[in-house]
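S.K.: Pasting the sequence and the predicted coordinates here, then a few questions.
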Amino acid sequence: MAKISYRVRPETAVLTRGFDPALSVGAARPPVYRSSTFVFPSPEAAERAFGIVLGKIKPEGNDRPDLIYARLNHPNAEILEEQLVPLERGANSAAIFNSGMAAIFTVLITVLERGSSLIYTQPLYGGSQHLIHQIIEPLGFDVRGVPAGNSRALTDAIAATPSLKLVLIETPANPTLVMTDIAQAATALRSHPNRPLLAIDNTLLGPTFQHPLVHGADLVIYSATKFLGGFSDLLAGAVLATDAELIQTLTGVRALLGNILQADECWILDSRLSTVALRMNRQSKNAQRIAEALAKHPKVKRVIYPSLFTDPEQRRIRDAQTDYPGSLLTLELVGGKTGAFEFLRRLKIAKNAVSLGGVESLVCHPMTTTHSELTPEEFSAAGITDAMVRISVGTEHWKDLLGEFTYALAGI
Ligand SMILES: Cc1ncc(COP(=O)(O)O)c(C=O)c1O
């Protein structure tokens, strides 16, 4: 088949790059290559492949080493990584992991050096925050949390941390949807003597509505379990960067940790990529209609949703770095935890489950589930209350969802 040698748009690239049917008996879609090891064409080729992997030989141009062993790399990971790249504006390279947590952990353990510091915005996804406190901090790294959305506090913390190596920002934050200015953080890091790296957890709005690499981030991290996977049926993670060498360093650590995504999972996730933008657009339209309709409901104290932001600074960040509001919304209900639980109890279309980004709507009570590891001080710093329910809006008809939410609110 003739190769496309000119530049095409992401929707086209995701369906045309990374896979050559001629290498797979003409199959139009990639097969699953379930093999833990790969046969070398010659002992010299084996020596060369190991030399490249261990950094003893530098590959020339686009010259790729032969595959070795599936913990290092395998065809379905390569295909998936190649097809992820065009979806992330500014990316040149991608690495795939067996969960979002695996992706975050690999970034932290690779970038942080002995005696160095990590700054992160609060709240992060509860699991990420737990990972930092349970594993990263006890390993001896210095960790500092700053409130999401407070550019001044972040810039000051960057300037006041000489041993800084990495800043991890989740924007919008989960579940408060507070946005942090990526470009401002990137500028602050560029004037730091260590030139620390900026990693953005882009799970909530990426890759369709927010493009952190364009705003100066070094690494974009995903729980691909969410919008990329899209059907709540697999776990995966991904990291993308403009600098391909940075990704190569991560895949070197991945080979040692053994947290690459397996062939079957790569194949499933790969088949979802061409519909990410379609699904996210529909989900965002649904969520906006529902959020705006519930904003004046007497049982709802507050709807947290980007199109309803009132704070001028949050509106500024929203307009500067996001294209559409996305499909996550948080309701603060009357009646505290009891009100929130009564709401959840009455749902039938939307499921009371954690996770987000799938075609089916999911609703949870963050304080007692996704963020239950947080301390009372962290809850108040993050602005998470017991009256909050987080809704991940799916692709169902928005009127059915709004009808159900209105019915559930009547029960409070
Ligand atoms: C924003 C965010 N980052 C990371 C993760 C972790 O991803 P995974 O569950 O795929 O390990 C999650 C999971 O809920 C998340 O919501």
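M.R.: Great, that's in hand.

S.K.: Now the stretch 251-400 of the chain against the ligand: closest residue?
M.R.: The stretch 251-400 of the chain approaches the ligand most closely through Ser355 (5.8 Å), counting by C-beta to the nearest ligand atom. The way it works is simple: take the backbone N, C-alpha and C, and place the C-beta from them, glycine included.

S.K.: Repeat that for the chain.
M.R.: Counting by C-beta to the nearest ligand atom, the chain gets nearest to the ligand through Gly100 (2.3 Å).

S.K.: Look up how far Ala199 lies from the closest residue to that residue other than its chain neighbours.
M.R.: Nearest residue to Gly100, sequence neighbours excluded (C-beta to C-beta, 6 or more residues apart in numbering): Ser223, at 2.7 Å. Using C-beta to C-beta, to the nearest Å, Ser223 is found at 13 Å from Ala199.

S.K.: His297 too?
M.R.: 38 Å.

S.K.: hmm, back to that, I'd guessed the residue of the stretch 251-400 of the chain closest to the ligand sits against Ser232; true?
M.R.: Yes - the pair Ser355 and Ser232 passes the contact test of C-beta atoms under 8 Å, sitting 6.0 Å apart.

S.K.: and for the two, which residues touch both?
M.R.: Common neighbours of Ser355 and Ser232, using C-beta atoms under 8 Å, 6 or more residues apart in numbering, are 225, 362.

S.K.: and the chain, which of its residues are near the ligand?
M.R.: Along the chain, the residues adjacent to the ligand under the rule C-beta under 6 Å from any ligand atom are 99-101, 125, 127-128, 170, 174, 201, 203-204, 223, 225, 235, 237, 355.

S.K.: Looking at these, which gets the smallest pLDDT?
M.R.: When these are sorted by pLDDT, the bottom entry is Asn174 at 89.

S.K.: For that one, list the residues it contacts.
M.R.: When contacts are counted by C-beta under 8 Å, 6+ apart, Asn174 touches 123-125, 203-204, 328, 366, 370, 390.

S.K.: Cross these against strands and list the overlap.
M.R.: Under the assignment DSSP state E, those contribute 328, 390 to strands.

S.K.: export the contacts of Asn174 to CSV and tack on neighbour count?
M.R.: Shown next, in CSV, are those (neighbours: other C-beta atoms under 10 Å):
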residue, neighbour count
Pro123, 27
Leu124, 24
Tyr125, 23
Thr203, 28
Leu204, 27
Leu328, 26
Pro366, 26
Thr370, 21
Arg390, 25
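
S.K.: now, among the contacts of Asn174, which is nearest to Thr16?
M.R.: Closest approach between the contacts of Asn174 and Thr16, by C-beta to C-beta: Thr203, at 26.2 Å.

S.K.: and the closest residue to the closest one other than its chain neighbours, bridged to which residues?
M.R.: Spatially, and ignoring its direct neighbours in sequence, Thr203 is nearest to Ser223 (4.6 Å; C-beta to C-beta, 6+ apart). Beta-bridge pairing for Ser223 (DSSP bridges): Gly237.
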